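I need the structure of the sequence given here:
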Amino acid sequence: MSTLSRRSFISSAAAGAAVSALPGIIQAQQAPSANVTGANSRINVACVGFSDRFRQSLLPAFKAAHKELNFDMVALADLWSVRREEGKAELEKQFGHGIDLYRSDVELYEKAKNVDAVIISTADFQHARHTVHAVKAGRDTYSEKPLAEDMDAANAVLDAVNEARKANRGGSVVQIGSQRRSGAAYHAANDYIRSGKFGDITYVDLCWNVNQPNRWRRQKTVPLLKEADTDWKTWLLDRPVVPFDARKYLEFRLFWPYSSGIPGQWMCHQIDTVSWFTGFNFPRNTVSNGGIYAWQDGRASCDTFTTVMEFGPEDNTKKGFQVVFSSRQTNAARGNVENYHSTQGTIDLIKGTVSDDGVEGRKKPTCEKLSAAEAATTAANTGADSLTSAHMRNWLESVRARKQPNAPIEAGYNHAVALIMANAALQTGLKATFDKALRQVVAGGKVFKGY
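Numbers count the residues shown, from 1 in each chain. Reported below is the predicted structural model:
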């Protein structure tokens, strides 16, 4: 983190006892949402990273609820000058007033006195560190998933949030962008499973297939990015210093160690529901396989990926269940699948049903609706889908009420452990586990650093 500003903020008396700064990370400037003095006061939000995800999905979701809940968008931080100017023009058009610009999230927290909360939509490997910066600066955050792509970052952000909780009126309200946790269909399934009616889960079938060779590609934008117009070293954060590469900057999901690709983008959504429904935070062990079988375009991330995970009590002698996640970008057959199986039946989260299909002796399976279907879209441009809109609203309501949102930091930490295990198994060809004492993913007896 040597490229980050090490200057401490001037702390208020309330923030003086706040979280102690980690080396090279911002210290607290104010208590969370200190500018929020009453139920009717306006809460100001900034965008950290004017990304496609922010522009296409998070911004429309924010706009859908911001007036009713009295929130406003007032600032934007982005390393790339082109994105800053594009973002300023778009946000000023959307909100009808000026937008303050900052060259980085660090500069935002140092200089912006009117920002209470931030929406973080930067590169996958940056989410955790950027959330640490926000929490240390006393801001609430909506942080896109995956929360982290390596355990050092995951541990740092979990610690920062927990320290802030102890120090400042419950700490920052941090919502992780796992929008299924705000979906009625997923809540109905969670309630049904936890009621005991479904019995013990034995197998979970997860699938996310598309036929999109250009998913995560930015062919038209890559030539526009010049090193002189951004801050490459700051973008790299804690990753090894390498020569400037516009593809890695803009197409980061195709290049490890900036993203695990499929596990970080798609698997972490579906694996999050497994942890949520069952109470098992992350897998006991994981094996993975995958490769680039069709889209030979210079990418490093798999276009086809499969991982097999075992969940259950930490005591491996006790029963558990298997989770298989498969995904390909080369053929859309089967599409999006989220099926939970027990000896008593099957829950289909895509259809929102529970049935006794597959149960021995049932010749005519019965099926009933748990809720209205609410499947996440697999389209490249998701827009303001209902799940994201509900999730954003939940965050805004939680910020105003100073309460825990639907997807708190623990949810992000758990899916981060699972995706890092899946990536470790892929990168090493070995079975991966999680060492709770070390708080690290281990494969072949060695800690998997993640970069």
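
So, low pLDDT: which residues of the protein?
For the chain, the stretches flagged by pLDDT under 70 are 1-40, 169, 363-364, 373-383.

and the longest helix for it?
helix 409-428 (DSSP state H).

count of neighbours near the residue nearest to residue 409 when sequence neighbours are not counted?
Spatial nearest neighbour of residue 409, excluding adjacent residues (CB to CB, 6 or more residues apart in numbering): residue 161 at 4.4 Å. Bear in mind the C-beta positions are built from the backbone N, C-alpha and C, glycine included. If you count neighbours by other CB atoms under 10 Å, residue 161 ends up with 23.

Isn't residue 281 up against residue 274?
No: contact between residue 281 and residue 274 fails when scored by CB atoms under 8 Å: they sit 10.0 Å apart.

neighbour-wise, which of those two wins?
Set side by side, residue 281 and residue 274 show more neighbours around residue 274, with 25 against 19, by other CB under 10 Å.

and the gap between that one and residue 391?
Per CB to CB, to the nearest Å, residue 274 is found 18 Å from residue 391.

Strands along the stretch 301-450 of the chain, start to end?
Here the stretch 301-450 of the chain has its strands, by DSSP state E, counting those that start in this stretch, at 304-311, 321-328, 336-342, 345-348, 353-355, 367-369, 432-435, 440-443, 446-447.

any idea of the angle the third one forms with strand 321-328?
By that I understand strand 336-342. Angle, strand 336-342 to strand 321-328, by axes from the mean of the first three to the mean of the last three CA atoms, to 10 degrees: 170 degrees.

What helices and strands are in contact with strand 336-342?
Contact partners of strand 336-342 among helices and strands, from 3 or more CB pairs under 8 Å, 6 or more residues apart in numbering; DSSP states H and E: strand 201-209, helix 268-278, strand 345-348.

ranking the ones you listed by burial, who's on top?
helix 268-278 (a mean of 24; mean count of other CB atoms under 10 Å).

what's the spacing between the next helix or strand after it and its chain's center?
Counting by DSSP states H and E, the next helix or strand C-terminal to helix 268-278 is strand 285-291. Relative to the chain's own centre, strand 285-291 is displaced by 21 Å; criterion: CA atoms, centre = their mean, to the nearest Å.

Check stretch 255-266 too.
With CA atoms, centre = their mean, you get 12 Å for stretch 255-266.

now the end-to-end length of that stretch.
Start and end residues of stretch 255-266 are separated by 16 Å (CA to CA, to the nearest Å).

what's the helix or strand for the residue nearest to residue 409?
helix 151-167.

That helix vs helix 409-428, what angle?
Going by the same axes, to 10 degrees, helix 151-167 makes 170 degrees with helix 409-428.

by contact count, what packs against helix 151-167?
helix 127-136, helix 409-428.

swap the cut-off to 10 Å and go again
helix 13-16, helix 127-136, strand 140-143, strand 174-176, helix 409-428, strand 440-443 (3 or more CB pairs under 10 Å, 6 or more residues apart in numbering; DSSP states H and E).

Deepest-packed of those, please.
strand 174-176 (a mean of 31).

now it: how far from the chain's centre is it?
8 Å.

Then stretch 283-292?
Distance of stretch 283-292 from the chain centroid (CA atoms, centre = their mean) equals 20 Å.

So which bits of that stretch are buried?
By neighbour count on 16 or more other CB atoms under 10 Å, the buried set for stretch 283-292 is 283, 284, 285, 286, 287, 288, 290, 292.

List phi and psi for the spatially most central residue of the chain.
Central residue of the chain (CA atoms, centre = their mean): residue 145, 1.0 Å from the mean position. Main-chain torsions, residue 145, degrees, to the nearest 10: phi -90, psi 160.

Correct me if wrong: it contacts residue 124.
Yes: between residue 145 and residue 124 there is a contact under CB atoms under 10 Å: 8.5 Å.

How much space separates residue 135 from residue 399?
From residue 135 across to residue 399, the span is 13 Å (CB to CB).

What of residue 389?
Distance of residue 389 to residue 399, computed by CB to CB: 16 Å.

who's the residue nearest to residue 324 when sequence neighbours are not counted bridged to?
In this structure, residue 324 finds its nearest non-sequential neighbour in residue 308, 5.4 Å apart by CB to CB, 6+ apart. Beta-bridge partners recorded for residue 308 (DSSP bridges): residue 287, residue 324.

Surely residue 308 and residue 289 touch.
Yes: counting by CB under 10 Å, residue 308 touches residue 289, with 8.9 Å between them.

Which neighbours do these two have in common?
By CB atoms under 10 Å, 6 or more residues apart in numbering, residue 308 and residue 289 have these common neighbours: 326, 425.

What is the burial count for residue 63?
Per other CB under 10 Å, the neighbour tally for residue 63 reads 16.

Repeat that for residue 211.
Neighbour tally, residue 211, other CB under 10 Å: 13.

same check, this time on residue 369
As a burial measure, residue 369 scores 12 neighbours (other CB under 10 Å).

separation between it and residue 261?
According to CB to CB, residue 369 stands 35 Å off from residue 261.

Equivalent analysis for residue 418, please.
15 Å.

Same question for residue 408.
The gap separating residue 408 from residue 261 is 26 Å, by CB to CB.

Which one's more surrounded, these two?
When residue 408 and residue 261 are compared on other CB under 10 Å, the one with more neighbours turns out to be residue 261, at 27 against 16.

is it true that the more buried one touches residue 288?
No: judged on CB under 10 Å, residue 261 makes no contact with residue 288 at a distance of 11.7 Å.

Provide the backbone phi and psi angles at the residue lying closest to residue 126 once chain neighbours are set aside.
Nearest residue to residue 126, sequence neighbours excluded (CB to CB, 6+ apart): residue 237, at 5.9 Å. Residue 237 adopts backbone torsions of phi 50, psi -120, taken as degrees, to the nearest 10.

number of nearby residues for residue 237?
Residue crowding around residue 237 was assessed by other CB under 10 Å; the count is 19.

And it, how close does it get to residue 133?
Using CB to CB, residue 237 is found at 10 Å from residue 133.

what's the answer for residue 434, then?
To residue 133, residue 434 is 26 Å away according to CB to CB.

Residue 231 now?
From residue 231 to residue 133 the distance is 15 Å (CB to CB).

With residue 402 instead?
Using CB to CB, we find residue 402 at a distance of 21 Å from residue 133.

Identify the contacts common to residue 145 and residue 124.
Listed as contacting both residue 145 and residue 124 by CB under 10 Å, 6+ apart are 264, 265, 268, 419.

can you name the two of the residues you listed that are farthest apart?
Distance extremes for the shared contacts of residue 145 and residue 124: the farthest pair is 265 and 419 at 9.3 Å, using CB to CB.
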